[in-house]
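In: the sequence and its predicted three-dimensional model are supplied below.
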Amino acid sequence: MPTRDQVMDALRTVQDPELHKSLVELNMIRDVKVEGDRVAVTVALTIAGCPLRTEIERLVREAVLAVDGVRHVDVTLTSMTPEERQALFGGSQVQNIPLLAPDSPTRIVGVASGKGGVGKSTVTVNLAAAMKALGHRVGVLDCDIYGFSVARMLGLTGKPTVIDGKILPMPAYGMKVISMGNFVEGNTPVIWRGPMLGKILNQFLTDVLWGELDYLFLDLPPGTGDMALDVARMMPRSSILLVTTPQAVAAGVASRAAYMARRTNQEILGVVENMATFICPHCGEMTDIFGEGGAQALADELRVPVLGRIPLVVELRKAGDVGVPVAMDPEAPQAVKEAFMELARKVAAAQPVPAVGR
C-alpha cells in the first residue's frame, strides 16, 4: 500500500508553474491523508483566485496517481494567509532589488539602437531564447513602454499575476518576461510624459519577483531619451549591445547610442548586424540589400567586436508574428538559428569595454 512519505516524494517533483519551485518547498502542501488506495491532498494556493489553479490541481493529481498502489486522488484547494504570502516572498526583503545588488550574479544586457526599424526587439527575443537554450536562467524586460512588442513576439497574452502588490513575471519558453504589452488592452496607446517612464521601470525592477537569473535582457526603446537615461541611472552595472543594419545611415545613428553610453559610464559588449544579408526563400541566393560594412565600421569606431551577423529570412519575420523564437522553432532555417546561437555564445564570453567614439 502507498505511504505518506511516498506521496510527499512524488509531490516534491511538482513545481508551481509561475514560481518554478516545488510545492513542498513553497509550503503549499498542507495535508496528505492516505487511506488504502485513496489519497487526499490539500494545497494552499498563493491567492484564492490563482489563474493556474486548474493546472496545479492537474499536476498534483497526476503526480500522486503515479505512486504505486494509488487508485483515487482527492485534491482540495485552499489559499495562503497574507502573513504566509509575505513569508513566502521574503518579507521586507522584497523591497530591495536583488538583481541590482553589487554581489548579484545576474548580467544585465541592454539591447539598444540609435533608431527604430533595425530589428532590436527581434534580436532581444531571439538572443534571450538562444541563451536559454544554452542552459542559462533568462529574463526579458521590455523597456520600450510606447512601442512594446516583446509580448507579441513571445506569444504572451493575458495579464501577469499580482500577489500582495508583487508581480510574477510571465513564463515564455522557460524565460521570465515582463512587457507593457501585458498591462494594456489591445493596441491602446500609452500616453505618458518622460517622468512616468522612470517610475514604471522602477516598478518593473522593484515589484517584479524575478528570482535568480543569469541574464536579464532589456529591450530598450530606440534613441537616447528618458528610458535610456533611467536604465543607466538605475542599473549602472548594465552593459550595452548595439544593433544596427549594414546600412551606413543606420550605423551612424547607432553611434549616438554608444556616445550616450560613454557619457553615462556604461560599457559596451559589442555590435550585432541585423539583416546582414537576405537569403532568398526560393533559390537560396544571398543578396546584400542593405549594403555591407556598416556594423564593422561602427565596431571599429567604438573599438568593440562585431558579435553577430543575423541574416534576413522570411521565417524570422513569420516567427515574430506568431510568437515563436527561432531558437525554439525546429522548423527554422539552420542559418538563422545558428546565427543566434553563436551570438549567444559570444555574448556569454564577451568582456564589456568602456564606450569610446565621438
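Out: Cool, the structure landed. The structure displayed is predicted, hence computed values, not measured ones.

In: would you mark the buried spots in stretch 125-142?
Out: The neighbour-count criterion (16 or more other C-beta atoms under 10 Å) identifies 125-134, 136-142 as the buried residues of stretch 125-142. All C-beta spots, glycine's among them, are computed from the backbone N, C-alpha and C.

In: can you check stretch 307-327 too?
Out: By 16+ other C-beta under 10 Å, the buried positions in stretch 307-327 come out as 307-313, 315-316, 319-320, 323-327.

In: strands of the stretch 201-350 of the chain, start to end?
Out: Remark: strands assigned in the stretch 201-350 of the chain by DSSP state E, counting those that start in this stretch are 215-219, 239-244, 267-279, 286-287, 306-312.

In: what's the most buried one of those strands?
Out: Each of the strands of the stretch 201-350 of the chain was assessed for mean neighbour count using mean count of other C-beta atoms under 10 Å. The highest is strand 239-244, with a mean of 28.

In: what packs against that strand?
Out: Here strand 239-244 is seen to pack against strand 107-112, helix 120-133, helix 248-263, strand 267-279, helix 294-302 when contacts are counted using 3 or more C-beta pairs under 8 Å, 6 or more residues apart in numbering; DSSP states H and E.

In: and the residue nearest the centre of the chain, bridged to which residues?
Out: With distances taken as C-alpha atoms, centre = their mean, the chain has Val140 as the residue nearest its mean C-alpha position (2.3 Å). For Val140, the beta-bridge partners under DSSP bridges are Val177, Phe217.

In: measure it to Leu312 for me?
Out: Using C-beta to C-beta, to the nearest Å, one obtains 22 Å as the distance from Val140 to Leu312.

In: got the contact list for Asp279?
Out: Quick fix: residue 279 reads Ile, not Asp. Residues near Ile279 by C-beta atoms under 8 Å, 6 or more residues apart in numbering: 285-286, 311-313, 333, 335.

In: try 10 Å
Out: 285-287, 311-316, 333, 335-336 (C-beta atoms under 10 Å, 6 or more residues apart in numbering).

In: equivalent analysis for Gly284, please.
Out: Residues counted as contacts of Gly284 (C-beta under 10 Å, 6+ apart) are 333, 335.

In: domain parsing for this structure?
Out: Annotated domains of the chain cover 4-88, 98-354 [automatic domain parsing].

In: which of these sits most buried?
Out: Ranked by mean neighbour count, with mean count of other C-beta under 10 Å as the criterion, the domains of the chain are topped by domain 98-354 at a mean of 19.

In: that one - what's its average pLDDT?
Out: Averaged over domain 98-354, pLDDT sits at 80.

In: try stretch 30-47
Out: Throughout stretch 30-47, pLDDT has a mean value of 93.
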